[in-house]
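S.K.: Sharing a model that was predicted from the sequence below.
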Amino acid sequence: MPPAPAKRIRLASTSDIVNARRAAQAMLEAAGMRQIRITRFSTAISEIARNTVTHGGGGMMELAHEAFDGRRWLTATFTDSGAGIADIEQAMSDGFSTAKSLGLGLGGAKRLADAFEIESTPQGTTVKLACRLT
Amino acid sequence: MSRHGADRGAPILALGRNLVVSIRDDLDDQAIVELQDRLTEEISRRRAEGVIIDVSRLDVVDTFAGRMIGALAKMSRILDARTVVVGVRPAVAMTLVELGMTLGEVETALNLDRALEILAGSKSR
């Protein structure tokens, strides 16, 4: 079976967060994943998509099927051109927040995803989440 | 007052002195904030004693939605109504704990019947 093509979702306002997690849910359902894994990964997507909209000034999410480490994955890559995160380690810790949230988003998303990468410069932030399919 | 489109995805029903909100859709942030407004208004208008929030249709409750549910319970308490959340799915419960959101200040019940029992019990005391 050929993998589904990559899907790009624009993240301009908070209403786009629902589109982002629905797109991921649909792709994981199509891949035959169990509900608990679908809920975990779509919740992680919801957290990062909200960061992209509220801290990154909006951006994009790309969902893609990838193969690495001898496994197949669904990856979600978030990019924005916001001011970036000055101290990533601090931002990842529970309780840290620059806006009006409890600051559980980044650290929580990392725990819910099977793989997590973040890169941030003053020109923008890229976060990549991955859900193991096989 | 026009309610056009206002309760899309989350109708508020009156059941005796209680209000039942069934969150049907995957609500976006704006819809959650609107629900807070509508619900607090209804609690005050109907002098509701209890609020039951049914989340059994939701398979994603993120930190934003979790915080909003917590805030809703606090607002209700100030308006002298007690809030019970029903129907949290197992996958959602596990995910909320991993997010560090324990919804500690919110009462939960397995289903609507149990929630009504809890609320009836608090009134007789």
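M.R.: Great, that's in hand.
S.K.: C-alpha only now, for contacts and for neighbours.
M.R.: Will do.
S.K.: The longest helix seen in chain B vs chain A: in contact?
M.R.: When chain B is parsed with DSSP state H, its longest helix is helix B:29-46. Yes. Using C-alpha under 8 Å from any C-alpha of the partner chain, helix B:29-46 reaches chain A at B:29, B:30.
S.K.: and whatever helix or strand comes next after that helix, what does it pack onto?
M.R.: Scanning forward in sequence from helix B:29-46 by DSSP states H and E, the next helix or strand is strand B:50-54. Judged by 3 or more C-alpha pairs under 8 Å, 6 or more residues apart in numbering or on different chains; DSSP states H and E, the packing partners of strand B:50-54 are strand B:18-22, strand B:82-86, helix B:112-124.
S.K.: Setting the sequence-adjacent residues aside, check what's closest to residue A:49.
M.R.: residue A:17 (5.7 Å; C-alpha to C-alpha, 6 or more residues apart in numbering or on different chains).
S.K.: and the most centrally placed residue in chain B, bridged to which residues?
M.R.: Nearest to the geometric centre of chain B sits residue B:53, at 2.8 Å (C-alpha atoms, centre = their mean). Taking DSSP bridges as the rule, residue B:53 bridges to residue B:21, residue B:85.
S.K.: where does chain B have low pLDDT?
M.R.: B:1-8, B:25, B:123-125 (pLDDT under 70).
S.K.: What parts of chain A come near chain B?
M.R.: So far as C-alpha under 8 Å from any C-alpha goes, chain A lies against chain B at A:14-15, A:17-18, A:35-36, A:39-40, A:42-44, A:46-47, A:101, A:104-105, A:107-109, A:111-112.
S.K.: Tell me the buried residues within these.
M.R.: A:14-15, A:17-18, A:35-36, A:39-40, A:42-44, A:46-47, A:104-105, A:107-109, A:111-112 (16 or more other C-alpha atoms under 10 Å in any protein chain shown).
S.K.: where does chain A dip in pLDDT?
M.R.: A:1-4, A:94-104.
S.K.: Can you give me the first-to-last residue distance of stretch A:91-107?
M.R.: Stretch A:91-107 has an end-to-end distance of 8 Å (criterion: C-alpha to C-alpha, to the nearest Å).
S.K.: most packed of the helices and strands packed on strand B:50-54?
M.R.: Ranked by mean neighbour count, the helices and strands packed on strand B:50-54 are led by strand B:82-86 with a mean of 24 (mean count of other C-alpha atoms under 10 Å in any protein chain shown).
S.K.: quick one: it to strand B:50-54, angle?
M.R.: 20 degrees (axes from the mean of the first three to the mean of the last three C-alpha atoms, to 10 degrees).
S.K.: for strand B:82-86, packing partners?
M.R.: strand B:50-54, helix B:63-78, strand B:107-109, helix B:112-124.
S.K.: could you redo the ones you listed as JSON lines and give each row distance to residue B:20?
M.R.: Listed next are these as JSON lines, based on distance: least, C-alpha to C-alpha, whole Å:
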{"stretch": "strand B:50-54", "distance to residue B:20": "5"}
{"stretch": "helix B:63-78", "distance to residue B:20": "13"}
{"stretch": "strand B:107-109", "distance to residue B:20": "13"}
{"stretch": "helix B:112-124", "distance to residue B:20": "9"}
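S.K.: out of the ones you listed, nearest to residue B:44?
M.R.: Of all the helices and strands packed on strand B:82-86, helix B:63-78 sits nearest to residue B:44, with 9.1 Å by C-alpha to C-alpha.
S.K.: tell me what the closest one is packed against?
M.R.: Helix B:63-78 packs on helix B:29-46, strand B:82-86, going by 3+ C-alpha pairs under 8 Å, 6+ apart.
S.K.: Kind regards, and thank you for your time.
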